[in-house]
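*Asks:* my questions are about this predicted structure, shown below with the sequence.
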There are 2 protein chains.
Amino acid sequence: MKQLKERILRDGKSLDGGILKVDSFINHQMDPILMKSVAVEFVKRFAHLPITKIVTIEASGIAPAIMVGYLLELPVVFVKKAKPKTMENMAVAQVYSFTKDRTYDVCVSKEFLKEGDKVLFIDDFLANGNAALGIIELAKEAKAQILGMGFIIEKAFQEGGNILRQKTDIQIESLARIKTLALNQVTFED
Amino acid sequence: MKQLKERILRDGKSLDGGILKVDSFINHQMDPILMKSVAVEFVKRFAHLPITKIVTIEASGIAPAIMVGYLLELPVVFVKKAKPKTMENMAVAQVYSFTKDRTYDVCVSKEFLKEGDKVLFIDDFLANGNAALGIIELAKEAKAQILGMGFIIEKAFQEGGNILRQKTDIQIESLARIKTLALNQVTFED
């Protein structure tokens, strides 16, 4: 997605350790016009699938997911990263975060993710794939089916994309695939 | 806002202890069409103000905030509830949560909330007002000015609304003001 790649080159900051900061337009301050364009691109790539529900994970996935849900007129469920006090009947899965070096629970009410749901999962980043694998496990526990997973940015130099594309038959799409952040320079695939 | 009140009566669940569950359409599963309508209503109430930035707090505020930002073509910043590893130069304030019975930090990068910013704050709930007061403190530390605060639902039987309306000159708007949840029945103001 050309507009997105140009924005990453202009406003993204590549730091040591393979970190790409996009917090001025995606995951702290957000550009809602860009989020709408990102959602349009996801719709183009996934609209052929019989999706019934958009699922994302708090907090950075919510903005693009709600825009996709708005365009497709579908409910949007955000998976939570901590168990709420007032939620019962939950599906839970564990995710190991390299960034934070800890394991956390992801959970969702089985009232909102259940048998018969055909899910498009939307998130901001695909890197090592741990969060995505946690979502796949969560959906399995809730007996929902994931048809597609869409990511705004994929760190293609990490293994998440390969794992998801080889080990599942889910359609995986990333709108900007980063080949390398070597020397703190962003280089895209293709 | 009539449509919102009707939806609360239809799909909200009032539980013991003054709890109103709206997690089937606002804060776990979200109805993006309703979020857009909610945003239109916020725009109508706040569009006379010279707003330059929408601010919200993760996670449930993000959906209505991104819709308001989209309609007004303004950047949206979400305040974080935990200090991220890769963020420096932050403003931090403390919030006591009655629901969770603990104090947590809210924080925002001073790069995205700063002097000259004229803020509209958007969130899903106004109850005791602690989160809103934390945001006001945060904005003060960042030298930004809050012009308006818009909430989807106000528990008018709690003190937050009175505190904000009496102690600040910020325009406070709530789209559904709940008078009482007594006997687990939702009754609105007016």
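*Replies:* Received it, and whenever you're ready, just let me know what you need. Numbers count the residues shown, from 1 in each chain, chains lettered A, B, ... in the order given.
*Asks:* in contact with A:V38, which residues?
*Replies:* A:1, A:4, A:64, A:67, A:152, A:175 (CB atoms under 8 Å, 6 or more residues apart in numbering or on different chains). The way it works is simple: take the backbone N, C-alpha and C, and place the C-beta from them, glycine included.
*Asks:* need those in TSV (columns: distance to A:T56).
*Replies:* Shown next, in TSV, are the contacts of A:V38 (distance: CB to CB, whole Å):
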residue	distance to A:T56
A:M1	18
A:L4	18
A:P64	8
A:M67	11
A:I152	11
A:L175	15
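*Asks:* out of those, who's near chain B?
*Replies:* A:M67 (CB under 8 Å from any CB of the partner chain).
*Asks:* give the burial count for A:G116, as a bare number.
*Replies:* 9 (other CB atoms under 10 Å in any protein chain shown).
*Asks:* oh, I was asking about A:V186
*Replies:* With other CB under 10 Å as criterion, A:V186 counts 18.
*Asks:* ok, back up a step: pick the one among the contacts of A:V38 closest to chain B.
*Replies:* When those are ranked by distance to chain B (CB to the nearest CB), A:M67 comes first, at 7.2 Å.
*Asks:* for the closest one, give me its contacts.
*Replies:* By CB under 8 Å, 6+ apart, the neighbours of A:M67 are A:35-36, A:38-39, B:32, B:66, B:70.
*Asks:* what helix or strand is it on?
*Replies:* Per DSSP states H and E: A:M67 is located in helix A:62-72.
*Asks:* which stretches of chain A aren't confidently modelled?
*Replies:* In the predicted model, chain A carries pLDDT under 70 at residues A:85-87.
*Asks:* what strand or helix carries the residue sitting nearest the centre point of it?
*Replies:* Most central in chain A under CA atoms, centre = their mean is A:D123, positioned 1.7 Å from the mean C-alpha point. Secondary-structure assignment from DSSP H and E places A:D123 in strand A:118-126.
*Asks:* tell me which other helices or strands that strand touches.
*Replies:* helix A:32-46, strand A:53-57, helix A:62-72, helix A:130-142, strand A:145-155, helix A:160-167 (3 or more CB pairs under 8 Å, 6 or more residues apart in numbering or on different chains; DSSP states H and E).
*Asks:* if I look at A:L4, how far off is B:I146?
*Replies:* Going from A:L4 to B:I146 by CB to CB, to the nearest Å gives 31 Å.
*Asks:* also A:P75?
*Replies:* Counting by CB to CB - A:P75 and B:I146 are separated by 32 Å.
*Asks:* just to revisit the earlier point, in JSON lines: the contacts of A:M67, plus distance to A:Q185.
*Replies:* As requested, the contacts of A:M67 are exported to JSON lines (distance: CB to CB, whole Å):
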{"residue": "A:M35", "distance to A:Q185": "26"}
{"residue": "A:K36", "distance to A:Q185": "29"}
{"residue": "A:V38", "distance to A:Q185": "23"}
{"residue": "A:A39", "distance to A:Q185": "29"}
{"residue": "B:P32", "distance to A:Q185": "37"}
{"residue": "B:I66", "distance to A:Q185": "30"}
{"residue": "B:Y70", "distance to A:Q185": "32"}
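*Asks:* most neighbours, which of the residues you listed?
*Replies:* B:I66 (29 neighbours).
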